[in-house]
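Visitor: take a look and give me a structure for this.
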Amino acid sequence: MICLRPCVLLAVLAVAGPLFLDGCASKSGTSGGNTATPPKPRMEERIAAAPVQEIPAPPEPASVPLRSVEMATRNATGEQNIPFPDVLFDFDQYVLRDDALTAVEDNAKRLKDNRVTKVLLEGRCDEIGTSEYNLVLGERRALSVKRYLEALGIDQLQVDVTSYGKDRPLCLQHNPVCWQKNRSVHFVVKE
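Guide: Numbering: from 1, shown residues only. From the prediction side, this is the model:
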């Protein structure tokens with residue numbers, strides 16, 4: 001007598017069981033002889049026949065930026081906010097382009113109008129290149145803005161310069177729009 005373990009017996013029944021049941025069904029009073037089961041539809045047919053479920057749109061992301069592109073500060077009386085737009089640069093450049101000149105001029109006017117005594121220029125870069133290279137490039141960008149501010153009448157003692165290179169980005173996404181935001185000089189008013 002052959003003694004089978006329960007798991008082996010289940011495996012044998014799983015493989016051979018349908019064969020025995022299929023044979024029994026054909027003998028059980030059905031007419032016509034062979035009662036073969038219809039073939040299963042192919043994968044493509046099953047996918048095409050599956051009901052389409054509409055996937056809801058993802059919720060809108062919160063409109064709270066990770067870090068504002070414009071710096072807001074209080075004026076001398078502490079009553080209103082003063083926005084300082086970032087000065088943007090082209091890829092691998094520290095020369096002020098036309099829109100950057102306008103931004104620096106607007107920021108210089110805000111600094112004078114609001115009697116800001118100290119400002120920090122944070123030079124930043126995109127994520128392309130080494131950290132060392134981007135630190136130098138960020139410093140050159142900040143120095144370009146500082147020199148133009150001096151030409152516009154801002155005292156050089158009012159302006160400090162630092163570079164964060166690519167290590168402290170304003171925008172954290174990895175796409176060309178974000179890289180452009182990070183190729184900038186960011187104004188921070190010191191109180």
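
Visitor: tell me the contacts of the closest residue to residue 171 other than its chain neighbours?
Guide: Here the nearest residue to residue 171 in space, its sequence neighbours aside, is residue 178; by C-beta to C-beta, 6 or more residues apart in numbering that works out to 3.8 Å. In short, each C-beta sits where N, CA and C put it, glycine included. Contact partners of residue 178, counting by C-beta atoms under 8 Å, 6 or more residues apart in numbering, are 126, 169, 171-172.

Visitor: and if you look at residue 160?
Guide: Contacts of residue 160 by C-beta under 8 Å, 6+ apart are 118-121, 190.

Visitor: returning to that earlier point: so which of the contacts of residue 178 wins on neighbours?
Guide: With neighbours set by other C-beta atoms under 10 Å, the maximum within these is found at residue 126, which has 23 neighbours.

Visitor: doesn't it fall inside a strand?
Guide: No: according to DSSP: H, G, I helix; E, B strand; the rest coil, the state of residue 126 is coil, so it is not within a strand.

Visitor: and it, how close does it get to residue 91?
Guide: Residue 126 sits 7 Å away from residue 91 when distances are taken as C-beta to C-beta, to the nearest Å.

Visitor: who touches both of these two?
Guide: 179, 183.

Visitor: can you give me the helices in the protein?
Guide: Along the chain, counting by DSSP state H, helices occupy 6-27, 43-49, 98-113, 131-151, 176-182.

Visitor: check what pLDDT the closest residue to residue 101 other than its chain neighbours gets.
Guide: When the adjacent residues along the chain are set aside, residue 101 lies closest to residue 148, with 7.1 Å between them (C-beta to C-beta, 6+ apart). At residue 148, the model reports a pLDDT of 94.

Visitor: against residue 132, how distant is residue 148?
Guide: Summarising the geometry, the distance separating residue 148 from residue 132, computed by C-beta to C-beta, is 26 Å.

Visitor: who has more neighbours, those two?
Guide: When neighbours are counted by other C-beta under 10 Å, residue 148 and residue 132 differ, and residue 148 comes out ahead with 18 against 9.

Visitor: which residues are in contact with the more buried one?
Guide: With contact set as C-beta under 8 Å, 6+ apart, residue 148 has these partners: 96, 101, 104.

Visitor: distance of residue 117 relative to residue 111?
Guide: Separation of residue 117 from residue 111 (C-beta to C-beta) stands at 9 Å.
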